[in-house]
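In: Build me a model:
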Amino acid sequence: MWRKTGRKMKTSVCVGIDIGGTFTDLVLLDGGGVHVAKVLTTSGDPAYGALNGFRRILEISSTSACDVDEVVHATTLVTNALIERTGAPAGVITTKGFADTLEIAREKRFDLYDIFLEIPSPLVPREFCLSVSERVDSDGNIQCSINTEEMANAAGRLREGGVQSIAINFLHSPSNPANEIAAETVIRNSFPDLWVSRSSAIAPETGEYERCSTTVANAYVRPNTERYLDKLTENLKALGFGGRISIMLSTGGFSGLEAVRRVPIRILESGPAGAALAAAQLSQSCGERRAIGFDMGGTTAKICLVRDGEPDTVHSFEAARTSRFQKGSGLPILAPSVDLVEIGAGGGSIAHVNRLGLIQVGPQSAGSEPGPACYGLGGGDPTVTDANLLLGYLNPKYFLGGEMQLSLDRAVEVILSLGDLLGMTCDEAAWGIHEIVTEQMASAARVHIAEKGADPRHFTLIATGGAGPAHACHMARKLFVSRVICPPVVGVASTVGLLMARPRSDAVRTFVADLNAMDWNKSFILLEDMKAQASEELGAELESEGWETAFFADMRYQGQVDSISVPVALEESRPLKDEAGMRHCFEKAYLARFTRKIEGVPIEVCAWRLTITGPQKKIGSTAAFEERSGAPHMKGTRRMYDGVRQEFVEGAVYDRYALSAGKEFRGPAVVEERESTIVIPSTGTFMKDESGNIIINLE
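Out: Sure thing, here's the model as predicted:
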């Protein structure tokens, strides 16, 4: 599907490419024009579908590849590799006596009462976890240096076993990486065909298991990620593209190819970060201080909190959880990321009858091949999209602007077969699917919001994605949220978010010390070291206009394991030596999270962090997309299910592009655009504002 919009201008041309589980979305911005392409993802070779979409968007925008200045790319390649266990064979070399780190993991069970507890299996089997004689103490003093021959023998054994990538994880390496650097040098000299990831470069933080897990995950996904990026780069160049390729990071910023090649684990949440950034930008422009970002595509749904125009972020998270909502059931990853929850709920999520005789939706998805039954591409399972078609929410002749015709007969056939198993009519089964998948997303949002100490009633829901606007109002009612906003080009908003991203680098250095006995000179040295790292990654002059630097200290009460990241003021590029001020900031943050302070216990700093972000991009507005002023705003009516009345009604069908700004309308209704459909219940009113956003107020 494609669309040409707006007016062509001789300005900077940027293309965003977001590969999802069902569709690959592309957006081209040229200063005055917004061009959109949406193609089916080629799951066997995602780069192939991305390149097809790139050719198409160049064609419909009348743009030559050589005129494109930048491509910003987000991919789920790393996430899928960890979930599906499709990474490269990897091995670990660690300090003698610590080869069982991955097997032992944590002593804490995430569910004490589950006798069938399933814990995530290590990415590396035990036989590929080797150890060598070396030792660095906790203060960074080298007690035993690397033995070159022993190190080469260990790497050789792994290579003979079929390992392609090696993770080096030595004890206390964050305090002194010398032994890890020496070990990496030995491997590269002896076996240049092996990929090497060392923990002191990937995650220089305390926490032996967490650091090892992160380094191993990086080693596991690195070969395939590098091959994918190389292939994508070569094919783009073959089309004539000579601009910059930037990759979206999990933080909502972007980085260059070389930095991502070395540390691909930083793009684990690459795709979802774009949706979070789009929600953050919209909340700023609409003056919403508190918002829930909700993005639902063909395969997954993503939920994050946005406060004061910024998405919540974390410095560690879990991947590939065995239990969806249970902390501790996944692989720990020490990397900065947007703080979000992602569940297997999308338009392609498959509905089936579980062993209790109830409808269950997802997490399995029909994806793009074969896709939902109504796509007519061979799918034989009932999905959320099939249900939404039967409920009257989708127009079978206007899906993707009419580029894809949906088969109502196929949808009826598969939904009816599910209804027969449950003793339900076809309509009842369709509403059951819609209700259950919406409740699953609302439940995930409730848990996430509660963990953040927030109340959803004080937030606005910002809905994006191809499927999100069809479920947004129903989900908002479940959360007691009274306001929903859908931005322009809502179906590809996460891709627009990619083009709003800023260059970014995050660095961390371990330094454990009591706050009242801090060696400030050492903290200055660490700061300069992190700035040098950022300068190398960003390849830019950091002192130029528009760059922002933030410095943080991870702090905790002495004896605690977990810490809180506290912002530290900067003065002339140096952290302000203000023990009292840092103590106050820590106690304030601790009180906000745990509702009490601990008196009489010393406070310690365990790590320093640096975040550098580049200038804000000027991409123009996406509101000026094919407005049809003077055209009829109402297309007609059709039979649709109203979730408030719990019955089918005659609802109005509106053309989003023809709606006049400021005029209020009432549900039940649907608002159609090419990439998505907004569903408004009978208790909702809506209007389009001057920026092109659809604002929905629910009673």
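
In: check contacts around residue 309.
Out: Shown in contact with residue 309 (CB atoms under 8 Å, 6 or more residues apart in numbering): 280-281, 283-284, 289. Every residue, glycine included, has its C-beta placed from N, CA and C.

In: How about it: what's its closest non-neighbour residue?
Out: Nearest residue to residue 309, sequence neighbours excluded (CB to CB, 6 or more residues apart in numbering): residue 284, at 3.9 Å.

In: The host helix or strand of the one you found: which residues count as buried?
Out: Element membership of residue 284 [criterion: DSSP states H and E] is helix 270-286. Neighbour counts over helix 270-286 (16 or more other CB atoms under 10 Å) mark 270-283, 285-286 as buried.

In: Just the closest of those residues to residue 14, please.
Out: Closest approach to residue 14 among these (CB to CB): residue 274, at 13.4 Å.

In: Which residue ranges of the stretch 201-350 of the chain form helices?
Out: Under the criterion DSSP state H, counting those that start in this stretch, the stretch 201-350 of the chain contains helices at 208-238, 257-262, 270-286.

In: Isn't residue 95 up against residue 170?
Out: Yes - assessed by CB atoms under 8 Å, residue 95 is found in contact with residue 170 at 5.1 Å.

In: the more surrounded of those two?
Out: For residue 95 and residue 170, the more surrounded residue by other CB atoms under 10 Å is residue 170, and the numbers stand at 29 against 21.

In: these two touch, right, that one and residue 211?
Out: No - using CB under 8 Å, residue 170 is not in contact with residue 211, being 9.9 Å away.

In: Now for those two: what residues contact both?
Out: residue 199.

In: OK, contacts around the most centrally placed residue in the chain?
Out: In the chain, the C-alpha nearest the mean C-alpha coordinate belongs to residue 272, at 2.6 Å (CA atoms, centre = their mean). Residues in contact with residue 272 (CB under 8 Å, 6+ apart) are 295, 300, 302, 304, 338, 340, 342, 494.

In: what's the distance between the helix or strand the last one falls within and the middle of its chain?
Out: By that I understand residue 494. Element membership for residue 494, per DSSP H and E: helix 493-500. Mean C-alpha position of helix 493-500 versus that of the full chain (CA atoms, centre = their mean, to the nearest Å) differs by 12 Å.

In: Run the angle between it and helix 270-286 for me.
Out: Angle, helix 493-500 to helix 270-286, by axes from the mean of the first three to the mean of the last three CA atoms, to 10 degrees: 80 degrees.

In: helices or strands up against helix 493-500?
Out: strand 14-19, strand 23-29, strand 70-74, helix 270-286 (3 or more CB pairs under 8 Å, 6 or more residues apart in numbering; DSSP states H and E).

In: neighbouring contacts of it?
Out: 14, 16-18, 25-27, 29, 72-74, 248, 252, 254, 271-279, 281-282, 295, 297, 464-465, 487, 489, 617, 619, 622.

In: angle of that helix against strand 70-74?
Out: If you take the same axes, to 10 degrees, helix 493-500 sits at 130 degrees to strand 70-74.

In: what is the mean pLDDT for helix 493-500?
Out: For helix 493-500, mean pLDDT is 90.

In: following that helix, which helix or strand comes up?
Out: strand 504-514.

In: mind exporting that next one as PDB, just the C-alpha atoms?
Out: Provided in PDB are the C-alpha atoms of strand 504-514 (Å, rounded to 0.1, in the frame of the first residue of the first chain):
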ATOM      1  CA  ARG A 504      22.300   9.200  21.400                       C
ATOM      2  CA  SER A 505      25.000   7.500  23.400                       C
ATOM      3  CA  ASP A 506      24.800   6.000  26.900                       C
ATOM      4  CA  ALA A 507      27.800   5.000  29.000                       C
ATOM      5  CA  VAL A 508      28.300   3.500  32.400                       C
ATOM      6  CA  ARG A 509      31.200   3.000  34.700                       C
ATOM      7  CA  THR A 510      31.300   1.000  38.000                       C
ATOM      8  CA  PHE A 511      32.600   2.900  41.000                       C
ATOM      9  CA  VAL A 512      31.400   1.800  44.500                       C
ATOM     10  CA  ALA A 513      32.100   4.300  47.200                       C
ATOM     11  CA  ASP A 514      30.400   5.800  50.300                       C
END
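
In: how far away is the residue nearest to residue 309 from residue 445?
Out: Distance, residue 284 to residue 445, using CB to CB, to the nearest Å: 21 Å.

In: nearest spatial neighbour of residue 110, skipping sequence neighbours?
Out: Nearest to residue 110 is residue 328, by CB to CB, 6+ apart, at 3.1 Å.

In: Do I have it right that that neighbour meets residue 108?
Out: Yes - counting by CB under 8 Å, residue 328 touches residue 108, with 6.6 Å between them.

In: ok, these two, which is more surrounded?
Out: Between residue 328 and residue 108, counting by other CB under 10 Å, residue 328 is the more crowded of the two (17 against 7).
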